[in-house]
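A.B. asks: give me coordinates for this.
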Amino acid sequence: MSELKVTVDDVLSDKYQPALAAEVARLPDIEPAVRLRLLVVDNDRIVLRQFKQLLERHGYDVQTASSPARAKRALAEDAINVVIVDVRLQDDESDADESGLELARELPSNLPKIVFTGNADIELVHQQLIGSGERQLAAHVVSKLDGGKGLLEALKDVQTAA
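C.D. replies: Just a heads-up that it's a prediction; the model follows:
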């Protein structure tokens, strides 16, 4: 008997996209006090589109990048206030892929970063960061699977701290 494995790609595929869109639509619109310019980095274009729509609905100015190289180019060309980066930017199926964390390490330490992940175990990602001594690498670690609620709360915290 084979084990059923549901991946982030499955959850965010067209099959599940209506559920995510419905969850996003239920969230109240919130206009931030200061319009932050965000850079969302993820290798999945569906994720980029969904979170761009969500964040723009909440008053944020959003740029997207689907690779570390594109993210660096966007940062060089634009004044970005916060970077939101996926843990896995190369291979969504590999537990060893930490390319998003590698990108976060390369960015200026004073640039706020939020790490988001499709891994349902957020605590595991927290432990990976703490275990590697990089507790301050990201202001928050949030799940992609909660319809954006955690991301909006993290952005509110980042804005308050600024």
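A.B. asks: what's the spacing between the nearest residue to Leu151 once chain neighbours are set aside and Val87?
C.D. replies: Nearest residue to Leu151, sequence neighbours excluded (CB to CB, 6 or more residues apart in numbering): Val142, at 5.0 Å. In this view, the C-beta of every residue, glycine as well, is placed from N, C-alpha and C. Val142 sits 11 Å away from Val87, going by CB to CB, to the nearest Å.
A.B. asks: now do the shared contacts for these two.
C.D. replies: Here Val142 and Val87 have 115-117 as joint contacts, going by CB atoms under 8 Å, 6 or more residues apart in numbering.
A.B. asks: out of Val142 and Val87, which sits in the busier spot?
C.D. replies: More neighbours surround Val87 than the other of Val142 and Val87, with 25 against 22 (other CB atoms under 10 Å).
A.B. asks: quick check, that one in contact with Glu98.
C.D. replies: Yes: Val87 is within contact range of Glu98, at 6.2 Å (criterion: CB atoms under 8 Å).
A.B. asks: out of the shared contacts of Val142 and Val87, who's the most crowded?
C.D. replies: Phe116 (29 neighbours).
A.B. asks: any idea which helix or strand carries that residue?
C.D. replies: Counting by DSSP states H and E, the element that carries Phe116 is strand 113-117.
A.B. asks: I am finished for the moment; much appreciated.
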